[in-house]
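> the following block contains a protein sequence and its predicted model.
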Amino acid sequence: MRKIGLLGGTFDPIHHGHLIAAEAAREAVGLDEVWLIPTAAPPHKPQPSANADQRRLMLDTAIAGNPAMRVEDIELRRAGSSYTIDTVTSLQEREPEIMFYWIVGSDMVKDLPNWRRIEELAERVTFIGLERPDQPSDDSRLPSFIRRKLLRAAMPPMGISSSDIRRRLKSGRSIRYMLPDSVIEIIQRDGLYES
């Protein structure tokens, strides 16, 4: 059975932190691939600045040449809010021979109990919590049904965020080396995130 990691997000824009997170999870758990899932309508965040086609293109160019990563646009093709349980259920119906792992940042692990239909989700996937060395995790407050389905992957400290990149672009500051050059070219060509 193939082991596939799923990393969701707005990827508005994708940056090296996202790519390092995906690679850290893949390596730590021995995943065959990581699928990046751009969210169409995040239920708990503002709507993305770049449209779905632009974010999809940035993702495609960022992972070009890496056979262990691919873009899965299931949420971009579905109307309404994007909930993890709906995405996982649809993927398992489509790909019953795959074992799925949901990759989450260390800051989101503690929020897992609040996710929609979390008990069902925990039955369907194993979670990979990315752990930063400067932020040790305390899983003792998590329900046991989550702790049993939680693996950890070491994540190097990375002070890059999509929101910071957008702020830098609006104020005319450099984003060089924060994201792949191919993604920067798309941002510049389309005039994304300008004030």
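Now that the structure is in, tell me what you want to look at.
> when you work out contacts or count neighbours from here on, use the C-alpha atoms and nothing else.
Will do.
> now do the strands in the chain.
Applying DSSP state E to the chain gives strands spanning 2-9, 33-38, 69-71, 98-105, 126-131, 150-154.
> give the pairing partners of the first one; include direction for each.
Sheet partners assigned to strand 2-9 using DSSP bridges are listed as strand 33-38 (parallel), strand 98-105 (parallel).
> chain center to the helix-or-strand element of the chain with minimal mean pLDDT, what's the gap?
For the chain, counting by mean pLDDT, DSSP states H and E, helix 106-109 ranks last in confidence among helices and strands (a mean of 86). Here the centre of helix 106-109 is set off from its chain's centre by 12 Å, with C-alpha atoms, centre = their mean, to the nearest Å.
> for the residue of the chain most remote from its centre, phi and psi?
Computed with C-alpha atoms, centre = their mean, the residue of the chain farthest from its C-alpha average is residue 172, at 26.7 Å. Main-chain dihedrals, residue 172, degrees, to the nearest 10: phi 80, psi 20.
> ok so, going back, how about the strands of the chain, which one is nearest residue 167?
strand 2-9 (18.3 Å; C-alpha to C-alpha).
> can I get the closest one as PDB, trimmed to CA atoms?
As requested, the backbone C-alpha atoms of strand 2-9 are provided in PDB (Å, rounded to 0.1, in the frame of the first residue of the first chain):
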ATOM      1  CA  ARG A   2       1.400   3.400  -1.000                       C
ATOM      2  CA  LYS A   3       1.900   6.000   1.700                       C
ATOM      3  CA  ILE A   4       0.800   9.500   0.700                       C
ATOM      4  CA  GLY A   5       1.200  12.700   2.700                       C
ATOM      5  CA  LEU A   6      -1.300  15.500   2.300                       C
ATOM      6  CA  LEU A   7      -0.400  19.100   2.900                       C
ATOM      7  CA  GLY A   8      -3.200  21.600   2.600                       C
ATOM      8  CA  GLY A   9      -3.100  25.300   2.600                       C
END
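> give the buried residues for the helix ranked longest in the chain.
The residue-count maximum for a helix in the chain (DSSP state H) belongs to helix 16-29. Neighbour-count burial for helix 16-29 flags 16-19, 21-26, 29 (criterion: 16 or more other C-alpha atoms under 10 Å).
> out of those residues, what pair is the most spread apart?
Applying C-alpha to C-alpha across the buried residues of helix 16-29, the maximum distance is between 16 and 29, 20.0 Å.
> thanks a lot, catch you later.
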